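A.B. asks: okay, structure incoming, though there's no sequence with it:
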């Protein structure tokens, strides 16, 4: 399996192919449409991260030392970015997630989508992913 | 500001409902005041303080003339519409509201004209009643009579809806209210910049608006109140300047409007606002309205032709606002792409969640017009919307 750094480099490479912002967004839209569907039983209030502009659902499962994320959003572009975050962070050990610097977001020019003012739920989603990692990390250490 | 580019494209600014861009005379006036005239008002005897006081009081007169108030002392400067409503809700509540009393607002209000009344109701054990609107975005005025009873103490409604653009029949509402001796507050945040207001002709008891939505600076707003209310209402803030005699036993207050302007007021904001009002007056409010209406009709007609566009607010009496969604496309997605094309629109609930709940949606895209917008910019918007559609479907 590729490392978190390798996957981020891979994503950066994919986005470098597009000069035009429109193509970048088209690619994000495609990713959003292709994002694995979240199990409806996990699309519940407890998993909802409410942004003012778009909503995000995030579910985490811990299996054999790895955290698996599934997620959804009512906005396709947000979903596209979620797809990237899932690709980078899902199936990883808690401590890997905790120590990750998500440099690909800057590199592919999506920082503005993650600014606190956007209020689309993405920033809270990353925070939530790290919180899950923290919780499972503590649990693993405890047992 | 309007000559700038975003993402390499000329800015198309269609978010005037949120705030307007400032004319050069307004910017110059504020700059000039800071550079050559700044001094705190009312307190000093020195040259600059006196001159600043005079300009501040002249600004009050300009506002008075702009909304045709009887006296300039009926104009209270606040920090904006929200603080005007909050201040009034507090004062009015303290003086007139008892448990079980009722206040009527409408279903289409901005949160600023909902939450202060809810807070009052919680504080005083009073009841908030809501006049609904129909799916065209028109108030169901026939139902007002049924809402009014002998416990109704105040009606507070917006003149023009910030989400739907509907121009509400405030004259009828005021007449009906006054038949029952109920005072009325008009939220004119979305109307003063489009329609000439005459508070004496309307006979409203209170009227509020913000400076920054009428081409003036931010942080300044107006609370107009008929004089008789200003004598009855207690001040909503205590502090400097608003007092008559202060001892530790008891403080007596000075006369309105200063009674309601505790602390150093935003005098430069007030002077900037007056400059903006003069600018609007010299440009001609009726001409502005005519221009904006032509753009609105054109935009409405263009968007109506697109079968994937759903427009909200079908009232024939409508002003400056196009609120819509695109079929199967989230407003946030659409807004992001429209932004990338250099067009500033707003997406979301526009601080009027009950309106969204009425339509069972979570938000809309809103284009709101100002005096400087052009037909070409509407074409740009329509073009961008078509592009969005192509990208997502």
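C.D. replies: Structure received. A quick note: this is a predicted structure, and the numbers were derived from the prediction, not measured.
A.B. asks: can you name the residues of chain B that neighbour chain A?
C.D. replies: B:7, B:329-333, B:335-337, B:340, B:347-349, B:362-363, B:391-392 (C-beta under 8 Å from any C-beta of the partner chain). Every residue, glycine included, has its C-beta placed from N, CA and C.
A.B. asks: can you say which of those residues are buried?
C.D. replies: Buried members of these, counted by 16 or more other C-beta atoms under 10 Å in any protein chain shown: B:329-333, B:335-337, B:340, B:347-349, B:362-363, B:391-392.
A.B. asks: may I ask which two of those are separated the most?
C.D. replies: B:349 and B:391 (24.0 Å; C-beta to C-beta).
A.B. asks: need the pLDDT of residue B:8.
C.D. replies: Looking at residue B:8, its pLDDT is 86.
A.B. asks: taking the buried ones among the residues of chain B next to chain A one by one, which sit in helices?
C.D. replies: Counting by DSSP state H, those place B:331-333, B:335-337, B:340, B:391-392 in helices.
A.B. asks: burial count for residue 19?
C.D. replies: By default, I'm working from chain A. 8 (other C-beta atoms under 10 Å in any protein chain shown).
A.B. asks: please go with chain B instead
C.D. replies: 17.
A.B. asks: how close does it sit to chain A?
C.D. replies: From residue B:19 across to chain A, the span is 15 Å (C-beta to the nearest C-beta, to the nearest Å).
A.B. asks: who are the neighbours in contact with the nearest residue to residue B:270 once chain neighbours are set aside?
C.D. replies: In this structure, residue B:270 finds its nearest non-sequential neighbour in residue B:59, 4.3 Å apart by C-beta to C-beta, 6 or more residues apart in numbering or on different chains. Going by C-beta atoms under 8 Å, 6 or more residues apart in numbering or on different chains, residue B:59 touches B:267, B:270-271, B:273-274.
A.B. asks: would you check that residue B:291 makes contact with residue B:371?
C.D. replies: Yes. Contact criterion C-beta atoms under 8 Å: residue B:291 and residue B:371 qualify, at 6.5 Å.
A.B. asks: neighbour-wise, which of those two wins?
C.D. replies: In terms of neighbours (other C-beta under 10 Å), residue B:371 is the more surrounded of residue B:291 and residue B:371; the figures are 23 against 19.
A.B. asks: so is that one in a helix, a strand, or just coil?
C.D. replies: Taken by DSSP: H, G, I helix; E, B strand; the rest coil, the conformation at residue B:371 corresponds to coil.
A.B. asks: would you check that residue B:30 makes contact with residue B:217?
C.D. replies: Yes. Residue B:30 is within contact range of residue B:217, at 6.2 Å (criterion: C-beta under 8 Å).
A.B. asks: the two: who's more crowded?
C.D. replies: residue B:217 (22 against 19).
A.B. asks: sec struct for that one, please.
C.D. replies: Quick answer, by three-state DSSP: residue B:217 is coil.
A.B. asks: and the gap between it and residue B:265?
C.D. replies: Using C-beta to C-beta, to the nearest Å, we find residue B:217 at a distance of 13 Å from residue B:265.
A.B. asks: same check, this time on residue B:22
C.D. replies: Distance from residue B:22 to residue B:265, by C-beta to C-beta: 20 Å.
A.B. asks: same deal with residue A:62?
C.D. replies: From residue A:62 to residue B:265 the distance is 58 Å (C-beta to C-beta).
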